[in-house]
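Enquirer: sequence and predicted structure are below.
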Amino acid sequence: MAPVEIEAIGAQSIALGVRPGSVLLVHTSFREARPVEGGPLGLVAGLRRALGVRGTLVMPTMTDGETPFDPRTTSTSGMGITAELFWRQDGVVRSTHPGASFAAVGPLAERICAPQPLAPPHGVDSPAGRVRDLDGQVLLLGVTHAESTMLHVAESVAKVPYSVTHPCVVEVEGRHERVAIAETDHCCRNFGKMDEWLRARGLQAEGNVGHARAKLSSARDLVRVACEHLLEDRLVFLCAPEARCDECDRARASVVASLVE
C-alpha cells in the first residue's frame, strides 16, 4: 500500500468538508490512516495544510491521572501515537488539566487550552467545550463516536443524572494529592447511535483521509443532536441493564445513589 502524501491528506480533508481557517478537533488512529508520508507527523502536517495558517488544530492528550502531571513532559495514555507526537512539537500549547489535557496549535490555541475546572473534565468550560463555542468541527479519523469527547460536552450541557468519580493526582498548594474527580463516565459504546442520528439529518460527512475512514461534523451539531436525544431519554447513552456492562452499571448506580441522597 503506497503512502498517502502530505498534500493529499490536506486535499482529502478539504474534500471531506474541513474548513480552512477553522478550529478542528481530531481524534485519530494512525494504525487506520497509515501509511502516510512522514508518518504521524506527516498526518498532522496534512491536517494543518487543510486548515491553513488561520486554522487551529486540537487533539486530546489525556493521561492516566495516576502520576503528577506536567504538561511539558507527561506522556499521553491511550491517545495514540499521533496525539503523543503532536503535543511535543514546537509551537503547540497543552492545557493543564491533570487527567484530561488537550493540545492545540494555531491562533486560538491559547484560548482553547486555557485553565479549566477539574470537574467535569469535558464540560462546557473545557477545551472540547471551547471548540464548540468557537463553531469548530470534529474529525473522527479511523475511530468511532465512542472516542468523541464532544459527546461528553453534550452530556454536561444536558445535565445527565449520572456521574462517576475517579482518583486523580493534583497539585494543592505545592503538594501532590489524590482527589476524586466526577465525570460522566461509561463505556461510550452507545455514542455510536450518533451515526444514525447525524446521517438522517445530513449532518455527518464521511470519506477517507489517508487510508482511514473519516467522519466530520460540526461540534455544535453534535452537541445539539445529542442533547435532543438526551432530553427524551436521560440514559440513552448507557447500555441496558441486561447487557451487564460494568461501566454503564456504575453510571446507573450513581443515579440511584443521588436519588437516595
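Expert: That came in fine, so what should we check first?

Enquirer: assign the closest residue to Ile9 other than its chain neighbours to helix, strand or coil.
Expert: Of all residues beyond its chain neighbours, the one nearest Ile9 is Gly46 (2.4 Å), with distances taken as Cβ to Cβ, 6 or more residues apart in numbering. Yep, even glycine has a C-beta here, placed from its N, CA and C like the rest. When the structure is split into helix, strand and coil by DSSP: H, G, I helix; E, B strand; the rest coil, Gly46 lands in helix.

Enquirer: do the same with Glu196
Expert: With three-state DSSP as the basis, the three-state label of Glu196 is helix.

Enquirer: contact partners for Glu155?
Expert: When the contact criterion is Cβ atoms under 8 Å, 6 or more residues apart in numbering, the partners of Glu155 are Thr184, Ala226, Leu230, Phe237.

Enquirer: what residues are up against the spatially most central residue of the chain?
Expert: Among the residues of the chain, Thr149 comes closest to the average C-alpha position under Cα atoms, centre = their mean, at 3.3 Å. Thr149 makes contacts with Leu25, His27, Pro60, His122, Ala128, as judged by Cβ under 8 Å, 6+ apart.

Enquirer: identify, from these, the entry nearest to Gly207.
Expert: When the contacts of Thr149 are compared for distance to Gly207 (Cβ to Cβ), His27 wins out at 16.1 Å.

Enquirer: tell me where the stretch 151-261 of the chain has strands.
Expert: 164-172, 175-183, 205-209, 212-218 (DSSP state E, counting those that start in this stretch).

Enquirer: count the residues that sit near the nearest residue to Ala212 once chain neighbours are set aside.
Expert: Taking Cβ to Cβ, 6+ apart as the measure, Ala212 lies nearest to Gly142, with 3.4 Å between them; neighbours along the chain are not counted. Here the number of neighbours of Gly142 (other Cβ atoms under 10 Å) works out to 23.

Enquirer: where's Gly142 relative to His211, distance?
Expert: Here the distance between Gly142 and His211 works out to 8 Å (Cβ to Cβ, to the nearest Å).

Enquirer: what is in contact with those two at once?
Expert: With Cβ under 8 Å, 6+ apart applied, the overlap between the contact sets of Gly142 and His211 consists of Glu32, Ala33.

Enquirer: who's Val105 bridged to?
Expert: Taking DSSP bridges, one obtains Leu57 as the residues bridged to Val105.

Enquirer: per-residue confidence for the residue nearest to Ala212?
Expert: In the prediction, the pLDDT value recorded for Gly142 is 98.

Enquirer: restricted to helices, list the contacts of Thr149.
Expert: Using DSSP state H, the members of the contacts of Thr149 that fall in helices are Ala128.

Enquirer: just flag the most distant two among the contacts of Thr149.
Expert: Spanning the widest gap among the contacts of Thr149 are His27 and His122, at 12.4 Å by Cβ to Cβ.

Enquirer: could you pull up phi and psi at Val124?
Expert: phi -60, psi -40 (degrees, to the nearest 10).

Enquirer: just give me the neighbour total for the nearest residue to it once chain neighbours are set aside.
Expert: With Cβ to Cβ, 6+ apart as the measure, Ser156 is the residue that lies nearest to Val124, at 5.7 Å, once sequence neighbours are left out. As a burial measure, the neighbour count of Ser156 was computed by other Cβ under 10 Å and equals 23.

Enquirer: quick check: pLDDT value at Ser156.
Expert: pLDDT for Ser156: 97.

Enquirer: so which helix or strand of this structure has the lowest pLDDT on average?
Expert: Least confident helix or strand of the chain, by mean pLDDT, DSSP states H and E, is helix 246-260 with a mean of 83.
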